[in-house]
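# Sequence first, predicted coordinates after that:
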Amino acid sequence: MALVMTSGPATEPVTVAEAKAHLRIDSATEDVLVASLILTSRLHIEAALGLALVTQSWRLLLDRWPRKGVVKVPLGPLQGVSAIRVLAADGAPETVPADGYLVDGASAVPRIVRTAETWPEPGRAAHGIEIDLVAGFGAAATDVPQPIRQALLLLVAHWYEHRDPIEIGSEATMIPLGVSELLAPWRRARL
């Protein structure tokens with residue numbers, strides 16, 4: 001299974017102006033740094049939680065169908081599925097009709113459930129199934145839950161204050177506890 005971003009978010013969950021206000025920065029001299037810290041913080045939070053914060057398009061690649069006909073999507077919140085294609089040995093795609101599956105974005109782990117009797121089998125040994133999906137809380141920054149936006153601001157502030165070369169494992173490299181606590185409701189339990 002592989003997950004590939006096909007279209008990133010149109011905006012970040014917080015603006016440079018919001019982050020600068022949080023950091024109490026008045027000048028524009030560090031705007032590029034602040035913007036990069038926002039991007040890095042968003043990517044860190046998304047990777048840690050398996051979330052897309054602002055609407056993004058992704059392609060999920062599978063080698064074969066799961067036995068029980070339920071594809072668990074490792075990214076949420078799932079807004080929808082744009083297309084499911086099965087590739088033949090020569091790479092020719094066959095589109096799975098939309099009435100052949102149900103999109104369940106409400107479950108803790110989003111999933112795609114087969115409703116058709118069968119799905120076509122891929123002709124390739126690897127990545128023969130392509131599922132195009134859209135994930136995120138919404139298109140606007142304000143669609144992202146406020147605790148996640150606050151955690152992002154705290155993470156930006158942490159990395160803004162600790163940008164000197166430091167030894168890995170030192171206290172300066174540890175994510176502040178407040179960030180983890182704000183993100184806890186969105187953390188998936190992993191066994």
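Yep, it's here.
# outside of the longest strand seen in the chain, which residues touch it?
Longest strand in the chain, counting residues (DSSP state E): strand 78-87. With CB atoms under 8 Å, 6 or more residues apart in numbering as the test, strand 78-87 has contacts from 55, 57, 93-96, 100-101, 103-105, 110, 112, 119-124, 127-136. C-beta coordinates here come from the backbone N, C-alpha and C atoms, glycine included.
# try stretch 142-157
Under CB under 8 Å, 6+ apart, the answer for stretch 142-157 is 13-14, 18-19, 22-23, 34, 37-38, 41-42, 44-45, 51, 53-54, 136-138, 141, 175-176, 178-179, 182-183, 185-186.
# Need the buried ones from those selected in PyMOL.
The command below creates a PyMOL selection of those among those that count as buried (16 or more other CB atoms under 10 Å):
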select buried, resi 13+14+18+19+22+23+34+37+38+41+42+44+45+51+53+54+136+137+141+179+182+183+186
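# Please flag which of the contacts of stretch 142-157 sit within helices.
18-19, 22-23, 34, 37-38, 41-42, 44-45, 178-179, 182-183 (DSSP state H).
# out of these, who's nearest H158?
Of all the ones in helices among the contacts of stretch 142-157, H158 sits closest to V179, with 7.3 Å by CB to CB.
# Give the buried residues for stretch 55-65.
In terms of neighbour count (16+ other CB under 10 Å), stretch 55-65 has its buried residues at T55, Q56, S57, W58, R59, L60, L62, W65.
# Do you know the pLDDT at the residue most central in space within the chain?
Centroid check for the chain by CA atoms, centre = their mean gives A52 as the closest residue, at 2.9 Å. Note on A52: pLDDT of 97.
# How about E171?
E171 carries a pLDDT value of 64.
# Let me see the contact set for Q56.
Going by CB under 8 Å, 6+ apart, Q56 touches M5, S7, G8, P9, V134, A135, G136.
# thinking the fifth one is in contact with V54, fair?
Spelled out, it's V134. No. Under the criterion of CB atoms under 8 Å, V134 is not in contact with V54, lying 11.3 Å apart.
# Now do the strands in this structure.
Listed in chain order, the strands of the chain (DSSP E) span 2-7, 56-62, 70-72, 78-87, 93-95, 101-104, 111-114, 129-135.
# Would you mind getting the angle between the longest strand of the chain and strand 2-7?
Here strand 78-87 runs at an angle of 110 degrees relative to strand 2-7 (axes from the mean of the first three to the mean of the last three CA atoms, to 10 degrees).
# In the sheet, which strands lie alongside strand 78-87, parallel or antiparallel?
Here strand 78-87 has these sheet partners by DSSP bridges: strand 93-95 (antiparallel), strand 129-135 (antiparallel).
# I am finished for the moment; much appreciated.
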